[in-house]
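Student: What shape does this take:
(chains A, B and C)
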Amino acid sequence: MSFIQETDYGTPAVLADKTVTLTIDGVQVSVPEGTSVMRAAKELGTTIPKLCATDSVAAFGSCRLCLVEIEGRAGTPASCTTPVAEGMVVATQTPKLAKLRKGVMELYISDHPLDCLTCAANGDCELQDMAGAVGLREVRYGYEGANHLTAEKDASNPYFTYDASKCIVCSRCVRACEEVQGTFALTISGRGFESRVSPGQSEAFMTSECVSCGACVQACPTATLTETRVIEIGQPEHSAITTCAYCGVGCTFKAEMRGEELVRMVPWKDGKANRGHSCVKGRFAWGYATHRERVTEPMIRSSIDEPWKVVSWDEAIAHTASEFRRIQARYGRDSIGGITSSRCTNEETYLVQKLVRAAFGNHNVDTCARVCHSPTGYGLKTTFGTSAGTQDFDSVAHTDVMVVIGANPTDAHPVFASRMKKRLREGARLIVIDPRRIDLVRSTHVEADHHLALRPGTNVAVLTAMAHVIVTEGLVDETYVRERCDLQAYAHWAEFVALPQHSPEATEAVTGVPAAELRAAARLYATGGNGAIYYGLGVTEHSQGSTTVMAIANLAMATGNIGRPGVGVNPLRGQNNVQGACDMGSFPHEFSGYRHVSEDETRHLFEQAWGVALGAEPGLRIPNMLDEAVAGAFKGIYIQGEDILQSDPNTKHVAAGLAAMECVVVQDLFLNETANYAHVFLPGSTFLEKVGTFTNAERRIQRVRRVMRPRNGYADWEITQRLSNALGYPMDYAHPSQIMDEIARLTPTFAGVSFDKLDALGSIQWPCNDAAPEGTPVMHIDHFVRGKGQFILTEYVPTEEKVGPRYPLLLTTGRILSQYNVGAQTRRTENSRWHEEDVLEIHPHDAEERGVRDGEWVRLKSRSGETALRAKTTDRVAPGVVYTTFHHPLTQANVITTDYSDWATNCPEYKVTAVQVSRGNGPVEWQVEYSAQARKSRRIEAAE
Amino acid sequence: MSAVHATSVVPMANQIATFFVSQGDHAAAVAGTADHIKAFWAPVMRRELLALVDAGMADGLSDVAREAILRLR
Amino acid sequence: MSLRVFVPGDMAAVAVGADRVATALATAARAAGIDLEVVRNGSRGLFTLETLVEVDTPQGRIGYGPVDAADVPGLVAAGLFEGGPHPLRLGDVAALPFFARQTRLTFARAGLTDPLSLPDYRTHGGLKGLEAALALTPAEVVARVKASGLRGRGGAGFPTGIKWETVLAAAGPHKYIVCNADEGDSGTFADRLLMEADPFLLVEGMAIAAHAVGADQGYVYIRSEYPFAIAQMQAAIDLARADGWLGRGFDMEVRVGAGAYVCGEETALLESLEGRRGQVRAKPPLPAHRGLFGRPTVINNVLSLAAVPFILAEGADAYQDYGFGRSRGTMPIQLAGDVVNGGVFEAPFGLTLGELVDDIAGGCASGRPVRAVQVGGPLGAYFPRRLFDTPFDYEAFTARGGLIGHGGVVVFNDTVDLAQQARFAMEFCAAESCGKCTPCRIGSTRGVEVIDRIVAGEARAANIAVLEDLCDTMKLGSLCALGGFTPYPVMSALDHFLEDFGGADVRRAAE
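Tutor: Here you go, the predicted structure:
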C-alpha cells in the first residue's frame, strides 16, 4: 500500500483543435493552443516552481515564482499566465531566474512561522517544497519586521481550521470557492501587506456563507486551511481511491489512511463525476463509520417488546433462515420478501435480489427507488427505451439552456450544482420550475431567467403548456422529429398539446404560473441552443410522476434536445447507488438490465445460471408488501440498508405493516427506526469496509475499495451469501468481482464490465458491451434505444390530495445540504451543527394569519397524522405552500404524508400533502410516545 | 378480503385506467390498463381485485378498470 | 449686451478663493449697475495666477491676477470692467511668456471657454474631430491615430493606434471605451484640469474612439478626490446626449473610484469598474482582447483620448510634426513642488529637464537651489542636476533609469533627504499595494525596514546589498508597475544621492 500522489499541472487543461510546438529548456513539446507555458513544461516532466498556481483554478499570476525567460521577449513573464506560442523558446532555469525566485521565497519566509517541525502540513506543504526547490538558505530580512505570526486561528468550523499566520495570500482558496464551488464565500480583506483571507466580511467560517465543501482546504498549499483531523492526528501514510456513498453524483475520493484509521477524504481530480470537487458530506461527514452507536454484533429477539439479545453470527443467520422457512411453510412461498439497498454496492444489491428470486423463490423484491425515481424508470423506458438519464455530467459544459424541475441541486447534489453554476456563470440561461425559490433561482453570479413557481402537483399542466407553446408557435425541431421519432405518435401528441385547454393562459388558474412567463420559458428552451433538463424528486414523487417524466421526454424530443453533448433528460438520482440498484434487478417485475420477468428467453437464462425455476409474474412492491402484511398475508422481510419506517410515506401505515410481520430482519449500521419493529438485527458494513461498485446518476460504474476491515466482521454481500447458504441455496463467491462477472454474463448492457476494466479505465458508463467497449457517455446518439422516440399524451389529472377548509395548505418536502436522507449517517457527524432539527418553512403571510412567529413550535396536521416542529418564516415558499425536510426521526415528517402514489409505479406522493398549521407548544403526543417506544425497543440485554 | 385492499387496489386500478383513457379509445384504454396491471402487479393483487369485483365490493371501480381486470381473469 | 468676465471655477482656483472673487465681482457689478455675466471657465493652467480674472473688453481679454476677493473693490474702482490699469493687470494672458511658449493642442480651449457651453465649444473648433472621424471608416480613423504617433499619456507610452487596431480587430458584439481618469500620481493634475476646463473634448475623444473600434459603451473612471471633475464630466455627457452626438450607438457614463492608487493601473481599474476589489490582473489576456466584463476594451488615459480630436480635425501630420525622436506630438507637462511657476505646460516633446525646471518653472519658489527632480509621479526616478540635459522624451528618460510617466515634474530644493524619499517610495508602495503579488505585497514593507536599518547605520553595506536585491526582485518580479517601478525612486536616490544614506562610511563601503 502506497500513498497516491496526484500530478499538479499548474493550470487547467485546454481543449483546442490546434497544436502548438515550442521548446522548453532545449526540449520540444507539442500542446494544445492556449495551454500555459507552465503546463507545457509539466507535460515534459519539467516542474517550474509555483505557489499560486494549481490546475483546478485559472492562472492568477501572483506568487511570481514561476517566472521564466522567453527568447525575444522582454522581462520575465509568469509561466502560468503566459500561453504557449509556435516556435517559442523558453528557459525555466537561468541564473537570473534563480536569483529572482530566491528573492521571492526570501520575502515569503520573512513573514512565515518557522515551526515546520511541529506544523500540521509538515511533509505536505508546497511552501516548504519551494523553499527547498529554489535553494533558500537564509532570510536576510530577519524575523523582527512586520509579520502576521500572531494572527488568530479560526477553529469555528468543525472540520477544518483557518490559521491566518500561515497564509501566503496566494488566493487559491478564494479562487477555488469562486471557480470550483461557486459560492463566493471567501475574499481577501485588507490591502497590501494587510491582505488576508476572510470569509465574508471578516466573519468566522462557521457563520459565513461558507458551505464547507472543502475546496479551499484542498486548494491551500500550506497549513493555513487544514483538516482538523490532520491537525489532531498527523499526515496519512497510504491511500486508496474509492467512491463516495452519499448522493447520486458519485464523487471519487482518495481515502487517506494511517493504518486502518481514515485521516481524510480528498476529492480525486480524475474522478469523472466530480472532477476533483466535493461537498460537506462526502468530504467530511464520514465519522459515522466509527460512531459509538454503530452496532457490530448480530442481535435477535422473539418479540419487538423485548430487549435485543446479542448472538453469534452463526446463531443469527441460522435463526433467520429457520424463521423464513417456517413462515413460508406456514403462509406460503410468497409470504416473505426483501428490500435491496441503494446505499450498498451493485454486487450486494444483485445478491439480495438473487436471494429473493432464487432462495426465497418469489419476486417479492423491491428497493428504495420505489419511493424516488421509479417513475423515471417507467417514463424514460416508455419514451426512449432506457430507464436512465441520457447524459454524462461533463455534458453540462456544453449546455446553453438549463431547465431545473423539482430539484434543488445546491442542497441535494452540490458537486454537480457547482458544475451547473460554473456553466451558468459562463452565460448559460436557466429556467427553474419549482414551487419554492431554491438557491439556484438567485445566488451569487447566478440568476434564473425564469422561475415558474407552480402550485405543487401541477407539473404535468405546466409541461404540457410548454409543449403547447412549442407546437403552436412553430418551435418544433421538425427535422429531428421526422428522423428520430415515431411520426404517428408525434402527430397525435402535437394535436393533443395544441388544444386550447393546454395553453398557458388556460392552465394559469390551476398552475399559478403567469402565462407570459411560461411562454417565455418555453421559447427559451426551444430556441436557446443546447437545452438540457435536470430534474429530481419534485417530478417523480407525485400521483402523476411517470406522466411528468414522459412530458419532459416529449419536450426534449420535440425540440431535438436528445442525443448529443449539452442536451438531454437528466434525472438527478438521490442515493449513491440508486441507479445501480435499479440496474441490478431490484424491482419485482424485472431482472438486471430492465428485462421483464415475463420474457421467456431472459428468464430461462437466469434459471439456467441459477439452477432454479423462476416465476413469470411480478412480485410485490414495497407498498404492496405493507398492504399485504396488514392484511395478514405477508409475514417476513429482509431489509438491507434501508429505513422504511422513516423514509416511506404514512408512517403509521408502515408501522402497522411491520408490526404485523413475524420476522423482520434489518441489516444496517445503526438501530434505525425500522429496527424498532425488527426481530433480527444483522450489523452492516460501511463503504469504507468493502469492495464493489456503485453506479451514479450518469450510469457511471465506479469502484468502491476497502480501506479498513468491517467492524461487524463481514461485508454486506458476505452476510447475504451466508443467509442464502443457510436457506439451502448455495452461493460461494470468493470476491465481489466474481459477482460482477456473473452480472456481466447475464446482462447485455453490462457485458463488457469487469473489475479489471474498471481499474484500467477508472469508471465505465453503461451500456458497456461489444458495441461500446469503453461505455456510453451520451445515449441515443443516432437512434433511440427503443428505435423511434415515442411521444406520449400527458393529460393533467389533479391529485386526489386537495386542499380544503380543514387542510388549506400544501406541504412539500425536500433536503438540506448538510443532512442526507433520513440522516442515519449525517446526524451522527458534526454536520448536525448546521441543521439540528427539521423546521417548517412557511410564508410570513400564512404565519401571520395563524399567529405563528419565526422559531416557534407549530403543529402540522394532515389527514394521515400530526407532528410538531419549529416554524421558519420565509418568502422562499409561496403563500399557501409550506416546506420541510425529513432528516430527523423526532419530526417524522412522513407521519404527515399520505399513501397517494404515482399511477404507474406506486412512487409515493411525498411532494403534495394538504395540511393545516397551527401554533404549538412542543412535540405532540405521538412524538413523545414514539420516542419512548423507540428507546424501549433499542434496549439491549446485558451480557451475562 | 380486508378493507385495506378495497382502499388500495381499487384506486390503484382506477388511476391506471385514467391514464390509459387519456391515451386513446376505449378498447385501447382497456388493453393498456390490462397490460399495465399484468406487467406490474403481483398476481395476488390481481386476484384480490377480482375477488372484490366478484363480491360486488368494487363499487368505485371505473368501467375501463373493471373490463381490464376481468380480461386478466 | 452684458459684460463678460471670466473667473475660473475649477478645483484649484476655487481652492484659492475663486468663488469668493466671483461673488465679489457680481456684487460690485450690481452696485455699479452693470449687467455682468460671470463665466466660470477653467484655469488656464498657471496656478500662481489664480484667481485669474479676465474681462472681455473691446480691445480683447484683459487678465488680472492673482486676485483675492478683497482686491475686487479696488480693481472695480480702477476700472476692471473696462480693462483699466491696476498693479494686478496682466494684459493679454496668452501673451505671457508661460503661455506664449506653449504649443497647446490638447489644452487649446482650456481657460478660454465656458466649459459646459456647447456653442462655445463649437465656436472654438470643437467637434471638428468627431465630424471628420464619422466621415471615415473605423479602419481609417485607426490608421490616422497610428500615423500621428500618439502614445499612451498615462505613462506606459504604448502606441494608441495599435491598441485601437487590436480592439477593432477583436470580435464583438459589445466593446468598451474606458477612460482612465484615476489621476493619482503626486504632482499631476492635467487630467483634472482638462476634465474641468474642457470636458467636451474628452467626450469627443471617446466618441471618436468608439467609432474607430465599434464600441457601444464608454466609462470615465474618475477618482473620488475629483468631485468637480466628476460633476463637470457628468454634466458634459448629459449635454452631449441632449445635443444628439452621444447616445446614438455609443453612450457613456462616469464611474467614481474609491481611493486606491492601484486602480489607476488599467487592469485593476477594470476590476474596480466591474465592482470587484481593485486588484491587478495578469496579462495576457490584454484588455484589448478581454477587458471590461471580458469584452474587448480600449482603455486610455484622459490625455491620450483628449489628443485624438486634434489629430482627426487637423490630420495626423499636424500632430506628428511636433515632437522628438519616437515621442510625437505634445505633452501637457505638470510643474509642481518647490517651483515659481506651478501649472500645466503643454509643449512638444524634446525640451530638456533643465529648461523645464530652471527656465519654465523658474526654479524654486523658496529661492533655494534645486537639488533633485522627480519626474513621472511617485514611481519616477529622482534626477540630480547633472542629468538636467535629459530631453523630455520616453526613450531618453528610460535610458537614464527614469520615466516620464504621466508628465508630472516635482522639484525639490537642497533641504530634501533622499534616503527619506526612498523610504517614502517603499512606504507609498506598501500603502497602495493591492496585495496580489508577493514582491510588492511583502517587498515594499521589507523595503521600508531595510532602509530604516541603513539609515540607522546597521550593517550598512550588507543592507544596501539587500536593498539592491530587493529592488531587483520587485522590478523584475512584480505583477504591475506599482511594485515594478517603486525601485526607480529608490535606486535613483541610492545611485545619485548615496550620501543621504549615511554619509562617508557608506561611500567607502560602496567603493
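
Student: Domains of the chain: list them as residue ranges, please.
Tutor: All of this is about chain A. Structural domains assigned to chain A are A:19-93, A:153-290, A:299-372+A:578-761, A:374-435+A:461-497+A:516-571, A:809-937, following automatic domain parsing.

Student: was after chain C, sorry
Tutor: What the record gives for chain C is the domain set C:3-100, C:118-320, C:323-413, C:418-510, from automatic domain parsing.

Student: With distance to residue A:738 as extra columns, can I get those domains in TSV?
Tutor: Bear in mind the C-beta positions are built from the backbone N, C-alpha and C, glycine included. Output for the domains of chain C, formatted as TSV (distance: least, CB to CB, whole Å):
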stretch	distance to residue A:738
domain C:3-100	86
domain C:118-320	54
domain C:323-413	73
domain C:418-510	56
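
Student: Serialize the ones you listed to JSON lines and add fields for mean neighbour count, mean pLDDT and distance to residue A:417.
Tutor: As requested, the domains of chain C are exported to JSON lines (neighbours: other CB atoms under 10 Å in any protein chain shown; pLDDT from 0 to 100; distance: least, CB to CB, whole Å):
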{"stretch": "domain C:3-100", "mean neighbour count": "19", "mean pLDDT": "95", "distance to residue A:417": "51"}
{"stretch": "domain C:118-320", "mean neighbour count": "21", "mean pLDDT": "96", "distance to residue A:417": "23"}
{"stretch": "domain C:323-413", "mean neighbour count": "21", "mean pLDDT": "96", "distance to residue A:417": "45"}
{"stretch": "domain C:418-510", "mean neighbour count": "22", "mean pLDDT": "92", "distance to residue A:417": "29"}
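
Student: Ok, which of those domains comes nearest chain B?
Tutor: With CB to the nearest CB as the criterion, chain B lies closest to domain C:118-320 of the domains of chain C, at 46.6 Å.

Student: Look at the closest one and report the distance between its end residues.
Tutor: In domain C:118-320, first residue to last residue: 28 Å (CA to CA, to the nearest Å).

Student: how far does it sit from the chain's center?
Tutor: Using CA atoms, centre = their mean, to the nearest Å, the distance from the centre of domain C:118-320 to the centre of the chain it belongs to is 14 Å.

Student: So for chain A, the centremost residue is which one?
Tutor: residue A:247 (2.5 Å; CA atoms, centre = their mean).

Student: Give the bridge partners for that residue, please.
Tutor: residue A:575 (DSSP bridges).

Student: Okay, helices next: where are they in the stretch 351-500 of chain C?
Tutor: C:353-354, C:394-399, C:418-432, C:438-441, C:443-455, C:460-477, C:481-485, C:487-496 (DSSP state H, counting those that start in this stretch).

Student: how far away is the residue lying closest to residue B:22 once chain neighbours are set aside from residue A:558?
Tutor: Distances taken as CB to CB, 6 or more residues apart in numbering or on different chains place residue A:795 nearest to residue B:22, at 3.6 Å, with adjacent residues excluded. Shown here: residue A:795 relative to residue A:558, a distance of 17 Å by CB to CB, to the nearest Å.

Student: who's more crowded, these two?
Tutor: For residue A:795 and residue A:558, the more surrounded residue by other CB atoms under 10 Å in any protein chain shown is residue A:558, and the numbers stand at 26 against 17.

Student: which residues touch stretch A:560-570?
Tutor: Here stretch A:560-570 makes contact (CB atoms under 8 Å, 6 or more residues apart in numbering or on different chains) with A:380, A:384, A:389-391, A:394-400, A:477, A:479-481, A:484, A:525, A:529-535, A:552-553, A:555-556, A:697-698, A:777-782, A:784, A:789.

Student: For the closest residue to chain B within the stretch 701-850 of chain A, which residues are in contact?
Tutor: Proximity of the stretch 701-850 of chain A to chain B (CB to the nearest CB) peaks at residue A:795, 3.6 Å away. By CB under 8 Å, 6+ apart, residue A:795 lies in contact with A:460, A:464, A:547, B:19, B:22.

Student: which SS class is it?
Tutor: Of the three states, residue A:795 takes coil under DSSP: H, G, I helix; E, B strand; the rest coil.

Student: Where in chain B is the helix or strand with the lowest mean pLDDT?
Tutor: helix B:3-21 (a mean of 82; mean pLDDT, DSSP states H and E).

Student: Show me which positions of it end up buried.
Tutor: B:4-6, B:8-21 (16 or more other CB atoms under 10 Å in any protein chain shown).

Student: For the closest residue to chain C within chain B, give me phi and psi.
Tutor: Residue nearest to chain C within chain B (CB to the nearest CB): residue B:22, separated by 46.6 Å. Note on residue B:22: backbone dihedrals following degrees, to the nearest 10 are phi -70, psi -10.

Student: So which residues on chain B come close to chain A?
Tutor: For chain B, the contact set with chain A under CB under 8 Å from any CB of the partner chain comprises B:2, B:4-5, B:8, B:11-12, B:15-16, B:18-19, B:22-23, B:36, B:38-45.

Student: hang on, the earlier thing: quick one: closest of the domains of chain C to residue A:671.
Tutor: Closest to residue A:671 of these is domain C:118-320 (CB to CB; 51.9 Å).

Student: does chain A sit close to the closest one?
Tutor: Yes - Domain C:118-320 is in contact with chain A by CB under 8 Å from any CB, via C:260, C:277, C:279, C:282-284.

Student: now those residues as TSV including secondary structure and distance to chain B?
Tutor: Shown next, in TSV, are those (DSSP: H, G, I helix; E, B strand; the rest coil; distance: CB to the nearest CB, whole Å):
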residue	secondary structure	distance to chain B
C:260	coil	65
C:277	coil	57
C:279	coil	59
C:282	coil	60
C:283	coil	62
C:284	coil	59
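
Student: nearest spatial neighbour of the residue nearest the centre of chain C, skipping sequence neighbours?
Tutor: The centre of chain C sits closest to residue C:190, judged by CA atoms, centre = their mean, with a distance of 3.3 Å. Once flanking residues are discounted, residue C:190 sits nearest to residue C:332: 4.3 Å by CB to CB, 6+ apart.

Student: hmm, back to that, need the phi and psi values for the residue nearest to the centre of chain C.
Tutor: When read as degrees, to the nearest 10, the backbone of residue C:190 gives phi -70, psi -40.

Student: got it, and residue C:246?
Tutor: The phi and psi torsions at residue C:246 (degrees, to the nearest 10) take the values phi -130, psi 150.

Student: The nearest residue to it once chain neighbours are set aside: helix or strand, and which one exactly?
Tutor: Distances taken as CB to CB, 6+ apart place residue C:240 nearest to residue C:246, at 4.0 Å, with adjacent residues excluded. Using DSSP states H and E, the element containing residue C:240 is helix C:227-243.

Student: Quick check: next helix or strand after that helix?
Tutor: For helix C:227-243, the succeeding helix or strand toward the C-terminus, using DSSP H and E, is strand C:251-256.

Student: Direction included, what does that following strand pair up with?
Tutor: Strand C:251-256 pairs in its sheet with strand C:217-222 (parallel), by DSSP bridges.

Student: count of residues packed around the closest residue in space to residue A:922 that isn't next to it in sequence?
Tutor: With sequence-adjacent residues excluded and distances taken as CB to CB, 6+ apart, residue A:922 is closest to residue A:857, at 5.6 Å. By other CB under 10 Å, 16 other residues sit near residue A:857.

Student: Distance of the residue nearest to the centre of chain C relative to residue C:152?
Tutor: Where residue C:152 is concerned, residue C:190 sits at a distance of 14 Å (CB to CB).

Student: Equivalent analysis for residue A:930, please.
Tutor: From residue A:930 over to residue C:152 the distance is 76 Å, taken as CB to CB.

Student: How about residue A:607?
Tutor: Noted for residue A:607: a distance of 84 Å to residue C:152, by CB to CB.
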